[in-house]
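J.: Following is a predicted model, sequence given first.
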Amino acid sequence: MTRHRHFRHGLEVRARALVCLGMLILLLGGCNLSKPKVYRVGVLSGLNFVADVTDGFKAGMAELGYVEGENIVYDVQKTDFDMAAYQTILGKFVEDRVDLILTFPTEASMEAKAATQGTDIPVVFSFALIEGMGLVDSVREPGGNVTGVRYPGPDIAVKRFEILQEILPEAKRLWVPYQRDYPIVQPQLDVLYPVAAAAGVTLIEFPAANAAELEAELQSRAQQDDVGMDAIFFLVEPLTVTPENFVVIGRFAHEQGVPIGGAFMSVEGYESIFGVNVKSYDAGKQAAPLADKIFKGTPAGTIPVVSADLFVQINYKAALAMGLAVPESILAQADEIIR
């Protein structure tokens, strides 16, 4: 009888041990199943002038509960208007099978769309012009694997022109340098020419590839009795906002007393008098909710594109130094006044 009780007790102990072991296995298995996914985001920062798009995006994602190093990791690759580098970086992102690609500006975003064709990797762009670029099908239905934050380039070009006219109503010849063959230039010129014609203003285009070409052109103009321009007008493009190129333009403008307007720049003591743009940090932050929707299962191509807001900077100090009066109506529009 005693032996029977001992035997039965042993069976009970072993059974309880097996039950505990089973529960432990289930518990550990459940923990593994509930372990949060870590999202991998490849970031192509394609233009140093707007590199803080990345910072804005990360901040927006953090506000939405994505903690870097815990449930999201970023592979941030930076280059400065280099098409070959764009393609190399994007090729690596595709090879690594990242969960999402954030890219900016326009041409980098177009390369990202091409690089991800035939994959299920979504692309969220920021600081990218969409008019005439083929980047999206429409604002409401971008299509494919792409959505993002629209850069309102044509709107900005017109606003820049209007402000220049207010500050410099006598300026009838505007020298317009820009990056040769840059894709977003033509849509801006298309909207600017009718506006300029109505105002009796001549746009003098100068497409260039680098600082050397700018230097040669401006030296030639400086040797003439008339430099052939009343002001220098910047479009939205990378040539004029690259520091080494701006210094060439700024030096000429300073020596000849020609105002610069369009994009706010201040390099080596040379400055423009105003800028109209988009705050790149904010544009990056606007991209975060789009990425969040994608991670929660919404196809990128069904998420409507959002537009960034304009940001007006008036360099009041530089304007006064040139003897220019800035109308109160313009100061009232400014988001930032540099005094």
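T.: Great, that's in hand. This one's a predicted model, so the numbers in the text were calculated from it and none came from an experiment. Numbers count the residues shown, from 1 in each chain.
J.: how many neighbours does Y182 have?
T.: Residue neighbour count, defined by other Cβ atoms under 10 Å, stands at 18 for Y182. (C-beta placed from N, C-alpha, C; glycine too.)
J.: Using the three-state scheme, assign it.
T.: Using DSSP: H, G, I helix; E, B strand; the rest coil as the criterion, the local structure at Y182 reads coil.
J.: E131 versus the residue lying closest to it once chain neighbours are set aside, what's the distance?
T.: The shortest distance from Y182 to any non-neighbouring residue, by Cβ to Cβ, 6 or more residues apart in numbering, is to E237 (4.9 Å). Spatial separation of E237 from E131 under the definition Cβ to Cβ, to the nearest Å is 14 Å.
J.: With Y281 instead?
T.: Taking Cβ to Cβ as the measure, Y281 and E131 are separated by 23 Å.
J.: re the thing from before, the residue nearest to Y182: what's it in contact with?
T.: Applying Cβ atoms under 8 Å, 6 or more residues apart in numbering to E237 gives the contacts Y178, Q179, Y182, I184, V185.
J.: From those, list just the buried residues.
T.: With neighbours counted by 16 or more other Cβ atoms under 10 Å, the contacts of E237 contain buried members at Y178, Q179, Y182, I184, V185.
J.: what would these look like in TSV with distance to P105?
T.: Formatted as TSV, the entries for the buried ones among the contacts of E237 read as follows, by distance: Cβ to Cβ, whole Å:
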residue	distance to P105
Y178	14
Q179	12
Y182	10
I184	8
V185	13
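J.: Now flag whichever of those is closest to G250.
T.: Of all those, G250 sits closest to Y178, with 16.2 Å by Cβ to Cβ.
J.: Which strand or helix spans that closest one?
T.: Mapping Y178 onto the secondary structure by DSSP states H and E places it in strand 173-179.
J.: Over to A319?
T.: helix 316-321.
J.: Which strands and helices lie in contact with that helix?
T.: strand 336-338 (3 or more Cβ pairs under 8 Å, 6 or more residues apart in numbering; DSSP states H and E).
J.: what sits up against the strand it packs on?
T.: F264, F311, V312, Q313, I314, N315, Y316, K317, A318, L331.
J.: and the residues you listed, which are buried?
T.: Applying the neighbour count, that is 16+ other Cβ under 10 Å, the buried entries in the contacts of strand 336-338 are F264, F311, V312, Q313, I314, N315, Y316, A318.
J.: How is D80 assigned, secondary-structure-wise?
T.: Using three-state DSSP, the secondary structure recorded for D80 is coil.
J.: ok, it to V53 distance?
T.: As defined by Cβ to Cβ, D80 lies at a distance of 14 Å from V53.
J.: out of those two, which sits in the more crowded spot?
T.: Neighbour comparison, D80 and V53: the larger count goes to V53, with 30 against 13 (by other Cβ under 10 Å).
J.: Relative to S45, how far out is the more buried one?
T.: 7 Å.
J.: Give the residues shared as contacts by the two.
T.: Listed contacts common to V53 and S45 are F104; contacts here mean Cβ under 8 Å, 6+ apart.
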